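Peer 1: coordinates for the following, if possible.
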Amino acid sequence: MIRNSLISFCFLFFLVHFAVTAQSKPAPKLNTAKICPNIVLIYADDVGFGDISANGATKVHTPNIDQIAKHGINFTNAYATASVCTPSRFSLLTGKYAWRQKGTGVAPGNAALLISVASTTLASVFQKSGYNTGVVGKWHIGLGAGGGPDWNGYIAPGPLEIGFDYSFIIPATLDRVPCVFVENHRVANLEPRDSIAVSYGKPIGNEPTGYDHPELLKVRPSYGHNQTIINGISRIGYMSGGKSARWNDEEIGNVLTGKATDFIKSSLKKPFFLYFAVHGIHVPRVPNPKFAGKSGLGPRGDAILEMDDMVGRVQRCLDSLNLTKNTILIFSSDNGPVLDDGYQDGAVELLHGHKPAGKMRGGKYSAFDAGTRVPFLIEWPAGIKGNSTSDAKISQIDLLRSFASLTGYKIPAGQAPDSFNLLSTLLGQDHKGRSYIVQQSVYDTYSIIIGDWKYIAPHAGPAFDKFTGIELGNSSEPQLYNLKNDIGEKNNVAKEHPTIVKQLADQLSLCQAQQ
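Peer 2: Next up is the predicted model:
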């Protein structure tokens, strides 16, 4: 017992000592000259590690997503930086942990742009490397300056000011107003005489609300989500006007996939980067009739089928244009899974043995691993050996420096401070990955993983989310888990290994202190 603890401590000390310095070493030089692969990053919403059949799901099948694993690499230790969407998306695009900047929690629907236009972003890396860049789908990191967007006018700054050449986005989330698409700098299909008004405070206009008129609802809220009714679904926030611009929930998947494939088709003269942030499987889950009732798991399962079909349509578009061989295609998610997240859609009652988090504990909002360990599959037929699995630790925050290495773009000093160049790991050329992973929960509970050990810092807060029932991982005591032996984080061994607790706590503090 003593000998095993000593071995663990020595190994941990080695990892901690080199956690930062090792990542500063340049990756092996890759012969990527004149290759310029296209990049398609499909970023899902609230999809858990166990929600895809490539990761063991048996109650629902995702054949198109699984094809990425078959043709490429399935990373089983891949992480978003946070257990909720806004900070994960911020970190993905900036290479900076969201907690380094105030105001990067879950953004309201009328938030101003959270990313400085002076920032180097994942999109600007490609844009400045000669790529055509586009974003389609969920945004949720703010639009406009100061007081937020002018929904009836020119909406800026936004995606086009931080590196994208084209954007067609859902401003925030499906359950938040305004329920409209924004294309480039303006609300799509807006009739000027029917101006949009939005409020996240007091009610505005004469639109019925779910609170006052539940008889008008086709999807009923379980908690909150009872303000302005749009398409028979009550949302968070109040909205009036803009009726010609409002989306049809059942058609969102078709609209977004159409815009994504149109962007690909328009980008044949030079390489392209597409950030396809699909809307699924976030609430409210209202899949197209083609998928409704098909999964046997209710609307959540049906939404997974629709999401997989959207992936397949992108794959077929690439195939039809002979682009597949030289396109890097990635599928991942912004955080872990959640069942009842505000609407009565049977997600809990119709689970039927499906395990969205796999063997892990927690989910969306949580400090436990299911909150941030997410699916991550990558293929590139011209540069990645297919049908392989990697347990290397990677974080989405590293895509920025990794792809800058691929394109040869030199990142300015002070930019992307938390992103590491893991290109050789992403391409399957080594299995080292990151030496540490830092995680953030919705309650700002922080965790760090080094080797097999995970430390969750003490933090006040509820043990369970009162709405979703998810275990949050908050505790007044330090928590230490050996993920190799205890992937479900059931056995807190902090008291048995005080030295390891101190080493990880010190490393977490060091990471948080760095700028």
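
Peer 1: low-scoring stretches of the protein, by residue?
Peer 2: For the chain, the stretches flagged by pLDDT under 70 are 1-35, 515.

Peer 1: domain ranges for it, per the record?
Peer 2: As given by automatic domain parsing, the domain ranges for the chain are 37-188+247-426, 197-240, 437-513.

Peer 1: for the last one, measure first residue to last.
Peer 2: Start to finish, the residues bounding domain 437-513 are 15 Å apart (CA to CA, to the nearest Å).

Peer 1: single out the most deeply packed of the domains of the chain.
Peer 2: Among the domains of the chain, the stretch with the highest mean neighbour count (mean count of other CB atoms under 10 Å) is domain 37-188+247-426, at a mean of 22. C-beta here means a position set from N, CA and C on the backbone, and glycine is covered the same way.

Peer 1: that domain: end-to-end distance?
Peer 2: End-to-end distance of domain 37-188+247-426 (CA to CA): 14 Å.

Peer 1: what does stretch 88-107 give?
Peer 2: Taking CA to CA, stretch 88-107 runs 12 Å from one end to the other.

Peer 1: how about the strands in the stretch 51-200 of the chain?
Peer 2: For the stretch 51-200 of the chain, the strands defined by DSSP state E, counting those that start in this stretch occupy 73-79, 132-138, 166-170, 182-183, 186-187, 197-199.

Peer 1: what sits against the residue positioned nearest the centre of the chain?
Peer 2: Nearest to the mean C-alpha position of the chain, by CA atoms, centre = their mean, lies residue 334 at 1.6 Å. The contact partners of residue 334, by CB atoms under 8 Å, 6 or more residues apart in numbering, come to 43-46, 80, 84-85, 88-89, 92, 374.

Peer 1: so what's the closest residue to residue 362 other than its chain neighbours up against?
Peer 2: In this structure, residue 362 finds its nearest non-sequential neighbour in residue 368, 2.9 Å apart by CB to CB, 6 or more residues apart in numbering. Counting by CB under 8 Å, 6+ apart, residue 368 touches 360-362, 456, 471-473, 489.

Peer 1: let's see it at 10 Å
Peer 2: Residues counted as contacts of residue 368 (CB atoms under 10 Å, 6 or more residues apart in numbering) are 83, 336, 357, 360-362, 439, 441, 445, 447, 454, 456, 470-473, 479, 481, 488-489.

Peer 1: just the ones in strands from these, please.
Peer 2: Those of the contacts of residue 368 mapping onto strands are 439, 447, 454, 456, 479, 481, per DSSP state E.

Peer 1: tell me the one of these nearest residue 394?
Peer 2: Among the ones in strands among the contacts of residue 368, residue 439 lies closest to residue 394 (CB to CB), at 13.4 Å.

Peer 1: OK, contacts around the closest one?
Peer 2: Applying CB under 10 Å, 6+ apart, we find residue 439 in contact with 79-83, 366-369, 371-373, 395, 445-449, 454, 456, 473, 508.

Peer 1: could you do residue 512 as well?
Peer 2: Applying CB under 10 Å, 6+ apart, the residues contacting residue 512 are 97, 99-100, 438, 446, 448, 457.

Peer 1: identify the farthest-apart pair in these.
Peer 2: Across those, no pair lies farther apart than 100 and 457, at 16.5 Å, counting by CB to CB.

Peer 1: so for residue 317, what's the nearest residue that isn't a sequence neighbour?
Peer 2: In space, residue 317 is closest to residue 261, 4.3 Å off (CB to CB, 6+ apart).

Peer 1: so where does the one you found fall, helix or strand?
Peer 2: helix 252-265 (DSSP states H and E).

Peer 1: picking that back up, now the ones in strands among the contacts of residue 368 in CSV, with distance to residue 403?
Peer 2: Below are the ones in strands among the contacts of residue 368 laid out as CSV (distance: CB to CB, whole Å):
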residue, distance to residue 403
439, 23
447, 26
454, 28
456, 31
479, 34
481, 32
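
Peer 1: closest to residue 401 out of those?
Peer 2: Out of these, the member with the shortest distance to residue 401 (by CB to CB) is residue 439, at 19.4 Å.

Peer 1: and that closest one, what are its bridge partners?
Peer 2: On the basis of DSSP bridges, residue 439 is bridged to residue 447.
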